[in-house]
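1. I'll drop the sequence and a predicted model, then ask my questions.
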Amino acid sequence: MDNKNSILVVDDTQSNLDILVDLLKMYNITVALDGETAVEMTKHHSFDLILLDIMMPVMDGFEVCKYLKSDPLTKSIPVIFITAKTDEESIENAFLCGGVDYVTKPFKSRELLSRIHTQLTLKRMVNDLESLVEDEISKRQKQEKLLQQQSKMAAMGEMMDAVAHQWKQPLNALSLYSDIIPDDFANGIVDQIYVNEFKTDVQIQIAHMVDTLDEFRTFFRPNKKNTNFTLQDVINSVLILIKDEFMKNAITVNVAQQDTLKMYGSENELKHLLLNILNNAKDAFADNSVKNKIITIRLMQINDRNVLEIEDNAGGIPTSVLPDIFKANVTSKSEGKGTGIGLYMSHQIAQKHAATLSAKNQNEGACFSLHWFLTH
Amino acid sequence: MKSKSNILIVDDTPTNIEILVDLLGDYNIAVSLDGQGAIDISKNSSIDLILLDIMMPELDGFEVCKQLKLDPKTKDIPIIFITAKTDEESIENAYNAGGVDYVTKPFKPREVCARVKVHMEHSEHMKRLDYLASYDAMTDVYNRRKFFELGEDIFKHTKENELFAVILDIDHFKRVNDNYGHPAGDMVIREIAQVVYNILDDNMIFGRIGGEEFAILLHTTKDAAIKITEACRKAVEELSIMYNSINLHCTMSTGMACKSKEVDTLDLLLAKADEALYEAKDNGRNQLIFRS
Ligand SMILES: Nc1ncnc2c1ncn2[C@@H]1O[C@H](COP(=O)(O)OP(=O)(O)OP(=O)(O)O)[C@@H](O)[C@H]1O
Ligand SMILES: [Mg+2]
């Protein structure tokens, strides 16, 4: 391996150069008779090592070495001084300039060879490590990029799931409207007022779908516009969205206690949270035959805490799913009917608003509650 | 920031040692008057550079150097020979034995200082590079490359049934990144690495081998391996990480396998542990599965 190393030998005495060239036959040797030429050569060639005389006219060895050490391209080339100067000051100076070794003339050939060999080995060790480090750095960068991409994809997937989940409700409502209209027409109750109302209902559902789409596009990005809102507003707009469907299923929604509860964050996300819970109750009613289907919503301020409760009388949550109910993919519904992301999403929304969502069975059904602290 | 470097001076003549101790006042100095003492000190304390006399009774400098170069713990310590001998043969021998430099008595004090400094700088540079090449920048535990390098070595030197590989993977890690952003995810990785690292002993090899994946190699018994892995899993489960005033909680799944007649390469061993890990994930996460 050593024979491939290229060495620049700088000395202003031709006879010195001849001796060195002869001694260093196993290397690729380039010679320079003065300092300027040596510096010039390092710009066009990459050398593994430089043997440098100190006493030269114009630019002496110290200057050459200082110059090479100041240039990022050449600063890591080891420089060995070969000189007739044996005073301590010169020796110290040589090291201070950036030299790695100092050999006095007349030199002993085998000693010089050993010193050159050692410096080349040390340099190679550094080079090997440096390329390892570079490898590691580029590997790490690639890995980070990949991770970011993967999580972006995962986020997109979750977003699609979330949108699909929240579109089910308005799509149901829209299909319900189109189911009713032929009957109502046959019964002769479709008049101008009916059409106007119909149009408004459809527009509300569509507007909600558009909002949902916008909402989830920004769901996974921080720093979107947050506002102050009250839970009454949230409940009112959700009740409009679901009124026909719940009426058709003969479910009554009561808002029992109405303290004014304020929250800061995304009003739309809170709508999604509430919709998920109400739709789950609707599904629970469909699974059994309760006569008086009632959902009770309570808005309560207890000391410094805000509490929103949604209680149904649909028989309660199966004990098998209760412990893991807020985890993703936990569902008791058959394939195709439930994906199990509704409550997972709701839980995330709650967390984002510094609130806790919990579930328990109480009275004749399930009771979900959302707690958060008053902010002043 | 940086503590002083440690230099070991080995010479059988006390006056020489005195001169050198005076000269090298900027460093922490340890001394030895004989070769065996030098070897003992090098193995048991962290020496950054050795100034080594060649002519000593019993173990001479060449022999000391050769022995130090054979031990992985001491092989990278730069050795500068000091001697009254100036013949070419001695100089060549010194380099062949593995020395990096050679100074002759009587000393030129400033030359000795300069040479010591050059080699000290070189070896610090090497140590820095070695660190960068071997440790994961985020967690300060071994990176994948170093883990496998050390892993291959320990695999060769252990018998069947006494080497265990564990792969640890943070559960639902992507959600942390998605919900709280990458800085939060990075923090979780760092904290978990730290917690696990603190539980492990020095002789266990612990590295980050993937984004949210770590691995441990344990040379021990099955019971001990299970006990320590469970301790890690529990500690992570109980860990609460504060990020922007949110408390983050994570769990991790762990898969373990053991070197055996069939599992006779490191890759196979880790593949087995990986299978076990997947089983743990399928089984509901936050648990240890051992694949024998
Ligand atoms: N009001 C409730 N009464 C009884 N069980 C409920 C009620 N709300 C939720 N559950 C139970 O919790 C499970 C999880 O609900 P979640 O909303 O997360 O998923 P899902 O409704 O099954 O599916 P998805 O909402 O994704 O379509 C349900 O499958 C159901 O078993
Ligand atoms: Mg649901």
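-> That came through, no problem. Ligands and ions are numbered 1, 2, ... in the order given.

2. could you look up the SS state of residue A:54?
-> coil (DSSP: H, G, I helix; E, B strand; the rest coil).

3. now it: phi and psi?
-> Dihedral pair for residue A:54: phi -90, psi -50, per degrees, to the nearest 10.

4. just the pLDDT for it.
-> Note on residue A:54: pLDDT of 96.

5. ok, and the closest non-adjacent residue to residue 83?
-> Using chain A. Beyond its immediate neighbours in the sequence, the residue positioned closest to residue A:83 (C-beta to C-beta, 6 or more residues apart in numbering or on different chains) is residue A:54, lying 4.2 Å away. For glycine as for every other residue, the C-beta is placed from the backbone atoms N, C-alpha and C.

6. hmm, no, I was thinking of chain B.
-> In space, residue B:83 is closest to residue B:54, 4.2 Å off (C-beta to C-beta, 6+ apart).

7. tally of neighbours for that neighbour?
-> Residues lying near residue B:54 (other C-beta atoms under 10 Å in any protein chain shown) number 23.

8. just to check, it is in contact with residue B:85?
-> Yes: contact status for residue B:54 versus residue B:85: in contact at 6.5 Å, counting by C-beta atoms under 8 Å.

9. which residues of chain B lie near chain A?
-> B:88-89, B:91-92, B:94-96, B:99-102, B:108-111, B:113-115, B:117-118, B:122, B:125-126, B:129-130, B:132-133, B:136-137, B:143-145, B:174, B:177-179, B:181-182, B:210-211 (C-beta under 8 Å from any C-beta of the partner chain).

10. PyMOL command for the buried members of those residues?
-> Selection of buried members from those for PyMOL, criterion 16 or more other C-beta atoms under 10 Å in any protein chain shown:
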select buried, chain B and resi 91+92+94+95+99+100+101+102+108+110+111+113+114+115+117+118+122+126+129+130+132+133+136+143+144+145+174+177+178+179+181+211
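
11. mind listing which of the residues of chain B next to chain A are in strands?
-> B:101-102 (DSSP state E).

12. now the strands: where do they sit in the stretch 1-150 of chain A?
-> A:6-10, A:28-32, A:49-52, A:79-83, A:101-104 (DSSP state E, counting those that start in this stretch).

13. buried deepest among those, which one?
-> Of all the strands of the stretch 1-150 of chain A, strand A:49-52 carries the top mean neighbour count, a mean of 26, counting by mean count of other C-beta atoms under 10 Å in any protein chain shown.

14. in the stretch 51-200 of chain A, what residue is nearest ligand 1?
-> Using C-beta to the nearest ligand atom, the single residue of the stretch 51-200 of chain A nearest to ligand 1 is residue A:165, 5.6 Å away.

15. enumerate every residue touching residue A:122.
-> Listed by C-beta atoms under 8 Å, 6 or more residues apart in numbering or on different chains, the contact partners of residue A:122 are A:78, A:100, B:100, B:122.

16. where does pLDDT dip in the stretch 1-150 of chain A?
-> Low-confidence segments of the stretch 1-150 of chain A (pLDDT under 70): A:1-3, A:147-148, A:150.

17. chain B contacts on that one?
-> A:88-89, A:91-92, A:94-96, A:99-102, A:108-111, A:114-115, A:117-118, A:122, A:125-126, A:129-130, A:132-133, A:135-137, A:139-140, A:143, A:146-148, A:150.

18. list buried residues within those residues.
-> Using 16+ other C-beta under 10 Å as the burial test, the residues of the stretch 1-150 of chain A next to chain B include A:91-92, A:94-95, A:99-102, A:108, A:111, A:114-115, A:117-118, A:122, A:126, A:129, A:132-133, A:136, A:147 as buried.

19. so the nearest residue to residue A:204 once chain neighbours are set aside is in which element?
-> If the residues on either side of it in the chain are set aside, residue A:204 comes closest to residue A:240, at 6.1 Å by C-beta to C-beta, 6+ apart. Assessed by DSSP states H and E, residue A:240 sits inside helix A:231-248.

20. remind me, longest helix of chain B?
-> In terms of residue count, the longest helix belonging to chain B (DSSP state H) is helix B:109-134.

21. any idea how far the residue lying closest to residue A:266 once chain neighbours are set aside lies from chain B?
-> Leaving aside its sequence neighbours, residue A:266 sits nearest to residue A:226 (C-beta to C-beta, 6+ apart; 6.3 Å). Going from residue A:226 to chain B by C-beta to the nearest C-beta, to the nearest Å gives 15 Å.

22. first-to-last residue distance for stretch A:304-324?
-> 29 Å (C-alpha to C-alpha, to the nearest Å).

23. buried ones in that stretch, by neighbour count?
-> By neighbour count on 16+ other C-beta under 10 Å, the buried set for stretch A:304-324 is A:306-317, A:321.

24. so it, near ligand 1 or not?
-> Yes: contact between stretch A:304-324 and ligand 1 is present through A:312, A:314, A:316-318, A:321 (criterion: C-beta under 6 Å from any ligand atom).

25. report the distance from the helix or strand of chain B with the lowest mean pLDDT to the chain centre.
-> The helix or strand of chain B with the poorest confidence is helix B:173-180; it has a mean of 81 (mean pLDDT, DSSP states H and E). With C-alpha atoms, centre = their mean, to the nearest Å as the basis, helix B:173-180 stands 32 Å off its chain's centre.

26. for the stretch 151-300 of chain A, give me the ranges with low pLDDT.
-> A:151-155, A:158, A:218-224.

27. what sits against the spatially closest residue to residue B:152 that is not a sequence neighbour?
-> Counting by C-beta to C-beta, 6+ apart, residue B:266 is the residue found nearest to residue B:152 once chain neighbours are left out, at 5.6 Å. Residues near residue B:266 by C-beta under 8 Å, 6+ apart: B:148, B:151-152, B:155, B:165.

28. go again using 7 Å as the cut-off
-> Neighbouring residues of residue B:266 by C-beta atoms under 7 Å, 6 or more residues apart in numbering or on different chains: B:151-152, B:155.

29. same question, residue A:265
-> A:226, A:352-353.

30. could you point out which of the residues you listed is nearest to residue A:261?
-> Residue A:261 lies nearest to residue A:353 out of the contacts of residue A:265, by C-beta to C-beta, at 11.9 Å.

31. how far away is the closest one from residue A:269?
-> Distance of residue A:353 to residue A:269, given as C-beta to C-beta, to the nearest Å: 7 Å.

32. more neighbours: which of these two?
-> Neighbour totals were compared for residue A:353 and residue A:269, and residue A:269 leads with 23 against 19 (other C-beta under 10 Å).

33. neighbours around the closest residue to the more buried one other than its chain neighbours, how many?
-> Nearest non-adjacent residue to residue A:269, counting by C-beta to C-beta, 6+ apart: residue A:349, 4.6 Å away. Using other C-beta under 10 Å, residue A:349 has 23 other residues around it.
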